[in-house]
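Participant: need a 3D model of the following:
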Amino acid sequence: MAAAATSCGPRPPAAAAAAHPADGRPTDPGTGDPAAAGHSGATAPPTTDPSSERDLPGTPGWEITDPGPDSAIEGFADRVSVLPGEPFGLHVSTPAAAFTVSAYRMGWYGGARARLVWRREHVPGGQQAAPHVDQATRTVLTGWQRTLAVDTAGWPEGAYLLRLDAEDGSGRRYVPLTVRSAVTVGRTVVMSAPATWQAYNEWGGYSLYNGPTGGLATRSLKVVFDRPYAYDHGAGLFLVYEAPLVALAERLGLPLAYTTGIDVAREPGLLTGATTVVSLGHDEYWSPEQRAHVVAARDAGTNLAILGANCCFRRVRFEPTGLGPDRTVVCYKDAWAQDPGYRAGAPATTDFRVGPGADPESSMLGVIYDGYPVDAPYVVTSPGHWAFEGTGVTAGASFPHLVGVEYDRVDTAFPTPRPIEVIAHSPVVCEGRPSHADTAYHTVPGGAGVFASGTMRWVETLDAQGPGGGKADHGIDSRAGDMVRKVTENVLRAFAAGPAARTHPARDNLGTVYGTA
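Facilitator: Residues are numbered from 1 along each chain as shown. Reported below is the predicted structural model:
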């Protein structure tokens, strides 16, 4: 990492911070009650109008509060995302004789936050083989057989959690899935970050950070999606860093599209005509293709909302597994010269800002990752900025614990687009090194606006004593939650109206904030 952006400590695991419809029990699309279904299939009819989907009643009881032991039940999907109607396979391991799988679409739903779309009961269980580790790359491999094929006909686009319940009551786990949008024209694109989830996933004893010794020496050089997630009961980073934004965006009734960074990398034209791309709370691992396609969309007028920190920090490559393409996340980091892919001509899988092929993320974001760990108040410096409209904040308004655990700042030692406005400039001390976390807004010649929150806690703060009864951790209070919800609403609504520079041009203030010409 460049000296100007030194990490202030070791990176922790993020957890610390097709079955035919007639094969399943029918589910009522409105209530989610399996007993109430009036049709023979197990899927709800398609709902393509976002407002009609938003207004459907939710399904209480979707949350896992008692997961049971790890060995009771766990699984993964053989696709990170599917188009509506595409099948996927579930690979499940459980000693229970049978289990139930329920597909919940995540959203607002009057505060219930999820709706049951599909369920199948009495799926025969079975214990899968123990994983093994590839000695060359220290990659955990399962080799699990497919347990169940699922047909998504009738499933609306969106973010899903599949819930696995062992029918002997011994345990329950989630499996995340995106039912992605084929078209994003005129919509706000929620871009999920499964590559980052997988980077931190320590299922089987290895992640891109740690191995059995707890350090880099034994970490994986490649990780695969062919294994369950070890944290948040199998949900990956979705519940903390993504679900609160999905709920807010759907509550606002915005025209939404859903995708993942992997899909953006694979499909050059996927973002064509989108009003906004939203990067969520922890979106660290990008491929060069994903970055190029997002930058191309920005340059064509698509706004970017970066609602986290440490975004687009690691450069990765996707490779296949036996289950399909793009199932492996490759990131050798400091060992990039040992990567056979690099030796064959692929870009080095290390930090974007360092060589070979250095391309600091600040040229896209306006801000750049500056360190870990911090826990600091968020300090407003430009209360008259349009993003703060309706919040009632004043200059110097402070919100305890909102800055953390990683943060970004504007740093003109790296490529920095201009004009750029710093609207919150929060003092931090990162293991003795004074710095600042910045919320910044800049505009580009193509008309797009780019908003960067500068703190990894932005999305989870959306749940700080907010609608639906959510509560953020870290001591973040309802006052911070109210402010962050309103700023996020202002940004999303302004961005949904089209290229933001037309109505909200950035007014450069780095001379005032940093004394930089």
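
Participant: for T349, which residues are in contact?
Facilitator: Contacts for T349 (CB atoms under 8 Å, 6 or more residues apart in numbering) come out as 314-317, 330-333, 336, 339, 341-342. Heads up, the C-betas are built off the backbone N, CA and C, glycines and all.

Participant: swap in 6 Å and give it another go.
Facilitator: 315-317, 330-332, 336, 339 (CB atoms under 6 Å, 6 or more residues apart in numbering).

Participant: now do V410
Facilitator: By CB under 6 Å, 6+ apart, the neighbours of V410 are 367, 422, 438, 440.

Participant: and the furthest pair within these?
Facilitator: V367 and V422 (9.0 Å; CB to CB).

Participant: higher neighbour count, those two?
Facilitator: Neighbour comparison, V367 and V422: the larger count goes to V367, with 29 against 25 (by other CB atoms under 10 Å).

Participant: next one: phi and psi at the closest residue to T260 other than its chain neighbours?
Facilitator: Among residues not flanking T260 along the chain, S192 sits closest, at 4.6 Å (CB to CB, 6 or more residues apart in numbering). Main-chain torsions, S192, degrees, to the nearest 10: phi -70, psi 160.

Participant: separation between the residue nearest to S93 when sequence neighbours are not counted and T94?
Facilitator: Using CB to CB, 6+ apart and skipping residues adjacent in sequence, the residue nearest S93 is Q128, 3.7 Å away. Distance, Q128 to T94, using CB to CB, to the nearest Å: 9 Å.

Participant: more neighbours: which of those two?
Facilitator: T94 (27 against 16).

Participant: if I look at the residue lying closest to that one once chain neighbours are set aside, how far off is G261?
Facilitator: Distance criterion CB to CB, 6+ apart; nearest residue to T94, sequence neighbours excluded, is I73 at 3.9 Å. Note on I73: its distance to G261, by CB to CB, is 28 Å.

Participant: I figured A506 hits V422, correct?
Facilitator: No. Applying CB atoms under 6 Å, one finds A506 not in contact with V422, separated by 10.4 Å.

Participant: what strands line up against whichever strand or helix holds A257, and which way round?
Facilitator: Here A257, judged by DSSP states H and E, is contained in strand 256-260. With DSSP bridges as the test, strand 256-260 is paired with strand 188-192 (parallel).

Participant: what does the partner strand rub up against?
Facilitator: So strand 188-192 is contacted by 178, 254, 256-261, 274-279, 496 (CB under 6 Å, 6+ apart).

Participant: and if you look at stretch 154-168?
Facilitator: 43-47, 53, 72-73, 75, 84, 94, 96, 98-106, 117, 172-179, 181, 235, 246, 258.

Participant: take those residues and keep only those in strands.
Facilitator: The strands, defined by DSSP state E, take in 75, 98-106, 117, 172-179, 258 from these.

Participant: what residue ranges in the chain score low on pLDDT?
Facilitator: Across the chain, residues meeting the criterion (pLDDT under 70) sit at 1-51, 466-472, 517.

Participant: quick one, helices of it?
Facilitator: With DSSP state H as the criterion, the chain has helices at 50-54, 194-200, 238-241, 243-251, 261-266, 288-299, 340-343, 362-365, 458-461, 478-496, 510-513.

Participant: can you report phi and psi for V393?
Facilitator: phi -70, psi 160.

Participant: quick one on the thing from earlier: which of the contacts of stretch 154-168 are buried? Put it as a PyMOL command.
Facilitator: Restricted to buried positions by 16 or more other CB atoms under 10 Å, the PyMOL selection for the contacts of stretch 154-168 reads:
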select buried, resi 43+44+47+53+72+73+75+84+94+96+99+100+101+102+103+104+105+106+117+172+173+174+175+176+177+178+179+181+235+246+258
